[in-house]
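> Structure for this input, please:
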Amino acid sequence: MPKVTRILTISLAIMFFASALGCQSAAAQLRGEDGPSLAQGQDLSIQVVPDPLDIGGPARVTIQGLDMDAAPEGHFDGRPIFFFPTKGGVTGIFGADIMIQPGVYPLTISFETSQGTRQETIDVTVLEKDYGTRNITVPQSQVQLSQADQERAAREKVLTDRALATVSPYRLWHGEFLEPVDAAINSSFGRKTRMNGILSPRPHAGADYRAPEGAPVRCPADGVVILTGDHFFSGKAIYIDHGQGLISMYFHLSEILVSEGKEVKKGETPIGLVGKTGRVTGAHLHYGVYLNGARIDPSAFRKLSGSLNE
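Next up, the predicted model:
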């Protein structure tokens, strides 16, 4: 089904009042001296791309004619949308989590005008997508965990959940994300997994790159390292905060070459080396992207990140 771009046009009719008692002039309001510096008296257009979007897909919502002084906020599927300035307006990015059900979901946006807070709602359609199924075989001890391994995995989950819940206030990245390694994807995002003959209820939440052990991993965009560790399932792992709830992660590394708290730059190489640590069938890089808790397709996000009119 082709992607459809939908534009909602909002007419903001702004009336100005002046009195002999000394209220501010209409000219001052137009200059933004009394409240948000909006494109007052002009139409604002809200554009969602793509719409409809696939399960696991990212999207952007752009409000042309608005700026950040209007304090725009948004929500989709219970998750916040944070805005940043783009050419002629502001843009926020959001995602349909890989476990979301197909259907129509409200996207709500609010912003300030000289007449108070204004809220708009757009219905966004999320489509089913079949990403396929993969079959893998691992040691049974990595499927039916011992008590000690269960306790270890539970401790590590507390750390990773905390990292994935990070929402720093500022956007740290700009421009299109880079590929993390020079290798092809051999197991795509969203695939259902049949492990040792049993179908897992959770689909693959990242993309696996068939890179040889020791291959350098590059940072796809500016950010800050918020977690590193050697974990039962993901092996040696790095989590990077790119700001405003956008987190990337790199699993099964043979070496971690950055430390927590380090500021990393787009293209910085290497931040780690490809390996086969954790629960794996061989050397590869698992690369994942979370957006305010929504697990989204890294390849689709890379394309979206290059489409912003900055």
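> so what pLDDT did Glu260 get?
The predicted local distance difference test score for Glu260 is 98.
> actually Val138, not the one I typed
So, for Val138, pLDDT stands at 88.
> quick one: contacts for it?
195-196, 279-281 (CB atoms under 8 Å, 6 or more residues apart in numbering). The C-beta positions use only the backbone N, C-alpha and C, and glycine is treated the same way.
> now, the most widely separated pair of the residues you listed?
Using CB to CB, the pair of the contacts of Val138 lying farthest apart is Asn196 and Val280, separated by 13.9 Å.
> Looking at these two, which is more packed in?
In this view Asn196 and Val280 are compared by other CB atoms under 10 Å, and Val280 has more residues nearby, 19 against 13.
> what's the closest of the contacts of Val138 to Ala211?
Scanning the contacts of Val138 for proximity to Ala211, where the rule is CB to CB, the winner is Val280, at 12.4 Å.
> is it true that the closest one touches Gly235?
Yes. With contact defined as CB atoms under 8 Å, Val280 counts as touching Gly235 (6.9 Å).
> quick one: common contacting residues for these two?
Residues touching both Val280 and Gly235 by CB under 8 Å, 6+ apart: His252.
> Flag the helix or strand of the protein with the lowest per-element mean pLDDT.
Sorted by mean pLDDT, DSSP states H and E, the helices and strands of the chain end with helix 26-30, the least confident at a mean of 31.
> What strands line up against the next helix or strand after it, and which way round?
For helix 26-30, the following helix or strand on the C-terminal side (DSSP states H and E) is strand 43-51. Sheet pairing for strand 43-51, assigned by DSSP bridges, gives strand 4-11 (antiparallel), strand 58-64 (antiparallel).
> Those: lowest mean pLDDT?
strand 4-11 (a mean of 42).
> Can you list the residue ranges for strands in the stretch 1-150 of the chain?
4-11, 43-51, 53-54, 58-64, 73-76, 79-81, 83-86, 89-95, 103-113, 116-127, 133-136 (DSSP state E, counting those that start in this stretch).
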